[in-house]
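A.B. asks: Kindly return the folded structure for what I paste below:
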Amino acid sequence: MNEFEKIHECGFLIEKVNLTKATILEALELKNILDNDINDGNHNIIIDLSKCEFIDSTFIGVLVVTWRKLKAEGGKLKLVKPGYFAQSVLHLSGAVENFESYGSVEEALSSFHIPIQDYIKKTTIAPN
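C.D. replies: Okay, the predicted model is just below:
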């Protein structure tokens with residue numbers, strides 16, 4: 001199985017991290033992948049970390065840098081929650097506050113959808 005797997009679903013890009021340990025050794029590869037994704041016009045990305053039990057600070061740094069790039073482009077980076085230990089590292093580093101985190105890919109995908117009432121408000125033209 002590849003360390004990183006690209007999935008397109010519902011018009012959104014999901015980068016699945018198939019690692020139990022995400023360290024400096026894999027961080028550069030992920031950074032290159034995400035930079036290419038952004039250059040290809042993907043500005044809403046979900047990173048599935050559900051298999052990760054350990055994430056080091058370099059890997060977290062790549063996530064933060066990518067979050068900033070996407071935010072500057074008007075996009076969003078959403079995470080599928082990693083294993084328990086990795087969650088604690090994200091909390092201890094304070095980086096978790098930057099990210100929207102979800103329990104599953106499905107939850108992250110559904111968070112992109114605008115409720116119908118908000119959509120109607122945005123598309124309704126006020127009478128003169």
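
A.B. asks: host element of I45?
C.D. replies: Using DSSP states H and E, I45 falls within strand 44-48.

A.B. asks: Can you name every helix or strand that that strand contacts?
C.D. replies: With contacts defined as 3 or more Cβ pairs under 8 Å, 6 or more residues apart in numbering; DSSP states H and E, strand 44-48 has these neighbours: strand 12-17, helix 24-39, helix 57-72, strand 76-80, helix 105-110. No exception for glycine: its C-beta is placed from N, CA and C like everyone else's.

A.B. asks: Tell me the strands beside that strand, with direction?
C.D. replies: strand 12-17 (parallel), strand 76-80 (parallel) (DSSP bridges).

A.B. asks: just to revisit the earlier point, Throw the helices and strands packed on strand 44-48 into a markdown table and include mean neighbour count, thanks.
C.D. replies: Shown next, in a markdown table, are the helices and strands packed on strand 44-48 (neighbours: other Cβ atoms under 10 Å):
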| stretch | mean neighbour count |
| --- | --- |
| strand 12-17 | 20 |
| helix 24-39 | 15 |
| helix 57-72 | 17 |
| strand 76-80 | 22 |
| helix 105-110 | 16 |
